[in-house]
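A.B. asks: When you get a sec, could you give me coordinates for this:
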Amino acid sequence: MDIQIATLCDFAADYNGKMVITGTFDTLAGKAMPLVHPTCVLAMRLCITPEDTGSHTFSVNIIDADGNSIDEKMPIEADMPIELPENVPFMTRNLILNLQGLKFPEDGVYSIDISVDEELVSRIPLRIVEMDESGKPT
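C.D. replies: Below you'll find the model as predicted:
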């Protein structure tokens, strides 16, 4: 299984297998901590081959620099059974995970970890920055 795309963004949608991504980002800034981001999307595109057939567990965890989950609801886990039709060399699937009310207790570097069967397959860095009243980092 290959993750071809994994990004945080403002909006993502799947239109008959085509993924539309708008406003990808890696930094959030706020004038006070904790920073609460109202809504964003984790957009992923997976390429699956016959070797991936079987039952898998998919998980997403947002962690701080010490490896601690930012929320008691993390990690987000789902069963992911995979079966390809015969004679199909690969399939792609778009996964769109809407995230609401993410709360970051302090500025620093966080990570969005994507795992399959408890093996880390992608890590997306996310920087949280506190700004002063003039819009400059503190």
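
A.B. asks: What are the boundaries of the helices in this protein?
C.D. replies: Taking DSSP state H as the test, none of the chain falls into helices.

A.B. asks: Strands of that one, residue ranges please.
C.D. replies: Taking DSSP state E as the test, the strands found in the chain are 2-9, 11-15, 18-22, 27-30, 35-48, 54-63, 76-82, 91-104, 108-116, 119-130.

A.B. asks: and the shortest one, what other elements does it pack with?
C.D. replies: Going back to what we said before, that points to strand 27-30. Secondary-structure packing of strand 27-30 (3 or more Cβ pairs under 8 Å, 6 or more residues apart in numbering; DSSP states H and E): strand 35-48, strand 119-130. (Each C-beta comes from the backbone N, C-alpha and C, glycine too.)

A.B. asks: same check, this time on the fifth one
C.D. replies: Here strand 35-48 touches strand 2-9, strand 11-15, strand 18-22, strand 27-30, strand 91-104, strand 119-130, going by 3+ Cβ pairs under 8 Å, 6+ apart.

A.B. asks: Go again with 7 Å.
C.D. replies: For strand 35-48, the elements it packs on are strand 2-9, strand 11-15, strand 18-22, strand 91-104, judged by 3 or more Cβ pairs under 7 Å, 6 or more residues apart in numbering; DSSP states H and E.

A.B. asks: Then the last one?
C.D. replies: Counting contacts by 3+ Cβ pairs under 7 Å, 6+ apart, the secondary-structure elements packed against strand 119-130 are strand 2-9, strand 27-30, strand 108-116.

A.B. asks: Quick one: distance of that strand to the chain centre.
C.D. replies: 8 Å (Cα atoms, centre = their mean, to the nearest Å).

A.B. asks: try stretch 131-138
C.D. replies: With Cα atoms, centre = their mean, you get 27 Å for stretch 131-138.

A.B. asks: buried set for it?
C.D. replies: Within stretch 131-138, no residue counts as buried by 16 or more other Cβ atoms under 10 Å.

A.B. asks: Before I go, just wanted to say thanks for your time.
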